[in-house]
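J.: Show me how the following folds:
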Amino acid sequence: MIEATWIAFAFILGLAARAIGLPPLIGYLGAGFALAAFGEHVGVGPTDSVILEHLAHLGVLLLLFTVGLKLKLSNLVRREVIGGSLLHFGISSLVVLPAILLFLDTSWRDSLLLAIALSFSSTVLAAKVLEGKRELRAFHGRVAIGVLIIQDLIALVVMSIASGKVPSAWALLVFGLPLLRPLLFRLLDHSGHEELMVLLGLMLALVAGGLGFEYVGLSSELGALAFGAMLAKHKRATELSNSLWAIKEVFLVGFFLQIGIGGLPDINAMLFAGAVALLLPLKGALFFFLFLLFRLRARSAFLSASSLTNYSEFGLIVASVVLPQWLTPLAITVALSFVISAQLNRISHSLYDRFARRLIPLERNTRHPDEQPVSLGDAQILIMGMGRTGRAAYDHLQNRGWRLISLDSDPVTVEKSSEKGRHVLFADAEDQMFWESLEMNKVEAVILAMNDAEAKIISTRKLRGKGFEGLIVSHAMYEDIAQQIEEAGANRTYLTMSEAGAGLAENVARELKPNR
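T.: The predicted structure is shown next:
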């Protein structure tokens, strides 16, 4: 019955938060406070708090495991990501520290850890906001997620140092973990696509990573991240992450319930949260100017900074380990920042459009890593997206003598394709400014080879909106998506699997024909 009480409180208040346009996490935190206030009347006692603590810990481990699955060095080893995250961490911590020492009665150690906890931004909120707007693959989305992963790594280091745990001699074995990668890859290959794959993820995150690292005196959080990172290069890493998403979210509900159930906020906690919320514009502005320093365009810098203008659940994780007395004030602070950030990100594009004339002059007068083309020259065919489909189309048409140009929103893909002699430029198909300034007078046909269906629909509409009357061809996995792309203005949309089947049959017929 107790579990039913948790679920009912979490669902009702989470649904209420969503109904007014707020992240459900705020509702879960409110449910925890409600359980703290009425716990005796609904039968919630100390034993239940212990159970919630275990569920919360599992949620944190799964969160870090899925973060590890996204640890691709190609997206992290970039100046704007590493430089932006480290400089922001250092500057914000040093700026906030004197204020904490001046206004709060805390020790140097606690003040420093509190300043560090406030320097992080929310991985969960940013990922959900960017995914909801279909901007995870956009340049500014990749920058924001890269910064968040660097921050998560910093948080793990801080927890490991501040907790004072001394590793055992067996901890040296972790340096041999990369040797297990071939075995882990084979296990994932043979686990199928259903419950075995989910169980493999749970085993690696909770048993091998969490419990295994604890046995040798290391952080269980670090272990979960490490095992996720070892699978990051596997072709099914994203599939594994998606399969664990719902389980992780349910366990993280326990984390927020646990925080709330730990005690109701007093007037001091509310005043602290309100005062720290006033610093959010400074946090976002610092990110914006740092991104400009690393040569991003004003649009990318503004949208990335908007995603990062909040406080982090990782700050709560750090506090739960090394600052338990500050957990409730920080929880209120994070919840309030989520409210503000959710509204900011809802209007971030329109805000940028309003202030673009003032922000663009702040850009550095140099080549930007997110520079977008204004002319496609004399290209006859434009290919948008340089994944496997785009590369195959490009190489086939190049051998036929057509003049080609290709666009992709991933700078790493652009660099790798350019190194192989393909004419590829960076461009974000969902950037309104790109379409307004693009000149494509000689283009006769466009091939839409992006993975994201929404990007294909947007691109088709923008092309027709510009007055392009040439051929637009796309591919899609499902019939309903193909219909939407054609309704947007595409001439033809090929169903990927159907065309693959037809191609196989044609090859078989060709091979058998001489024998008939």
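J.: what ranges do the strands span in the stretch 51-200 of the chain?
T.: Secondary structure of the stretch 51-200 of the chain by DSSP state E, counting those that start in this stretch: no strands are present.
J.: which regions of it sit below the pLDDT cut-off?
T.: 74-75, 131-132, 134, 136-137, 163-166 (pLDDT under 70).
J.: try 90 this time
T.: Low-confidence segments of the stretch 51-200 of the chain (pLDDT under 90): 51-80, 99-110, 113, 117, 122-146, 148-181, 184, 187-198.
J.: Would you enumerate the residues in contact with A126?
T.: The contact partners of A126, by Cβ atoms under 8 Å, 6 or more residues apart in numbering, come to 144-145, 148, 307-308, 310. Quick note: C-beta positions are derived from backbone N, CA and C, even for glycine.
J.: do the same with A482
T.: By Cβ under 8 Å, 6+ apart, the neighbours of A482 are 474, 476, 493-495.
J.: Likewise for L172?
T.: Here L172 is in contact with no residue (Cβ under 8 Å, 6+ apart).
J.: quick one: which of the contacts of A482 is nearest to H423?
T.: Nearest to H423 out of these is S474 (Cβ to Cβ; 20.7 Å).
J.: Near the spatially closest residue to S111 that is not a sequence neighbour, how many other residues are there?
T.: In space, S111 comes closest to I100 once its chain neighbours are excluded; the distance is 4.5 Å by Cβ to Cβ, 6 or more residues apart in numbering. Residues near I100, counting by other Cβ atoms under 10 Å, number 19.
J.: What separation do you get for I100 and S312?
T.: 17 Å (Cβ to Cβ, to the nearest Å).
J.: ranges for the helices of the stretch 51-200 of the chain?
T.: 73-76, 79-103, 108-119, 123-132, 139-163, 181-189, 195-202 (DSSP state H, counting those that start in this stretch).
J.: can you map out the strands along the stretch 301-450 of the chain?
T.: Counting by DSSP E, counting those that start in this stretch, the strands of the stretch 301-450 of the chain are 381-384, 404-408, 424-426, 445-448.
J.: Go through stretch 151-160 and flag the buried ones.
T.: Along stretch 151-160, these residues count as buried under the neighbour rule (16 or more other Cβ atoms under 10 Å): 151-156, 158-160.
J.: Closest one to D378 out of those, please.
T.: Q151 (44.9 Å).
J.: I'd assumed S121 was in contact with that closest one.
T.: Yes. Contact status for Q151 versus S121: in contact at 6.5 Å, counting by Cβ atoms under 8 Å.
J.: Can you pull the residues that touch both of the two?
T.: What both Q151 and S121 touch, as defined by Cβ under 8 Å, 6+ apart, is the set S312.
J.: and the residue nearest to A144 when sequence neighbours are not counted, how many residues sit next to it?
T.: Nearest residue to A144 in three dimensions, chain neighbours excluded: S307, at 4.2 Å (Cβ to Cβ, 6+ apart). The local packing of S307 (other Cβ under 10 Å) involves 29 other residues.
J.: got a list of what S307 touches?
T.: Going by Cβ under 8 Å, 6+ apart, the list of residues near S307 reads 121, 126, 129-130, 140-141, 144, 345, 348.
J.: quick one: which of those is most hemmed in?
T.: Neighbour max across the contacts of S307 (other Cβ under 10 Å) = A144, 30 neighbours.
J.: measure it to F287 for me?
T.: 9 Å.
J.: between those two, what contacts are shared?
T.: 304, 308.
J.: Among the buried residues of stretch 151-160, which one lies nearest to L293?
T.: The closest of these, once distances to L293 are taken by Cβ to Cβ, is Q151, at 18.0 Å.
J.: tell me the contacts of T413?
T.: T413 touches 386-387, 424, counting by Cβ under 8 Å, 6+ apart.
J.: of these, closest to F294?
T.: V424 (22.2 Å).
J.: what about the closest one, neighbour count?
T.: 24.
J.: same check, this time on A392
T.: There are 11 residues near A392, going by other Cβ under 10 Å.
J.: Distance of it relative to Q380?
T.: 18 Å.
J.: Over to L13?
T.: 58 Å.
J.: Settle it for me: which of the two has more neighbours?
T.: L13 (21 against 16).
J.: Please look at the more buried one and A31 and confirm they touch.
T.: Yes. Using Cβ under 8 Å, L13 is in contact with A31, at 4.4 Å.
J.: follow-up on the earlier one: filter the contacts of A482 down to the buried ones and hand me the PyMOL line.
T.: The PyMOL selection below is limited to those of the contacts of A482 classed as buried (16+ other Cβ under 10 Å):
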select buried, resi 474+476+493+495
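J.: Kindly reformat the contacts of A482 as CSV and extend each row with distance to I116, secondary structure and pLDDT.
T.: Formatted as CSV, the contacts of A482 follow (distance: Cβ to Cβ, whole Å; DSSP: H, G, I helix; E, B strand; the rest coil; pLDDT from 0 to 100):
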residue, distance to I116, secondary structure, pLDDT
S474, 47, strand, 92
A476, 46, strand, 88
T493, 50, strand, 91
Y494, 52, strand, 88
L495, 51, strand, 86
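J.: Dump the contacts of A482 to CSV, plus distance to L278.
T.: Listed next are these as CSV, based on distance: Cβ to Cβ, whole Å:
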residue, distance to L278
S474, 48
A476, 47
T493, 50
Y494, 54
L495, 53
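J.: which one of the contacts of A482 is nearest R510?
T.: For the contacts of A482, the nearest to R510 is Y494 (19.9 Å; Cβ to Cβ).
J.: Please determine how far the closest one is located from E486.
T.: 11 Å.
J.: do the same with E214
T.: Taken as Cβ to Cβ, the span from E214 to E486 is 55 Å.
J.: the more surrounded of these two?
T.: Higher neighbour count among E214 and E486: E486, with 17 against 14, using other Cβ under 10 Å.
J.: What's the per-residue pLDDT of the more buried one here?
T.: For E486, the pLDDT comes out at 91.
J.: and the nearest residue in space to it that is not next to it in sequence, what is it in contact with?
T.: Nearest residue to E486, sequence neighbours excluded (Cβ to Cβ, 6+ apart): T493, at 5.3 Å. Contacts for T493 (Cβ under 8 Å, 6+ apart) come out as 473-476, 481-483, 485-486.
J.: and those residues as JSON lines, adding secondary structure and distance to L293?
T.: Conversion of the contacts of T493 to JSON lines gives the following (DSSP: H, G, I helix; E, B strand; the rest coil; distance: Cβ to Cβ, whole Å):
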{"residue": "V473", "secondary structure": "strand", "distance to L293": "41"}
{"residue": "S474", "secondary structure": "strand", "distance to L293": "38"}
{"residue": "H475", "secondary structure": "strand", "distance to L293": "40"}
{"residue": "A476", "secondary structure": "strand", "distance to L293": "41"}
{"residue": "I481", "secondary structure": "helix", "distance to L293": "40"}
{"residue": "A482", "secondary structure": "helix", "distance to L293": "44"}
{"residue": "Q483", "secondary structure": "helix", "distance to L293": "46"}
{"residue": "I485", "secondary structure": "helix", "distance to L293": "39"}
{"residue": "E486", "secondary structure": "helix", "distance to L293": "44"}
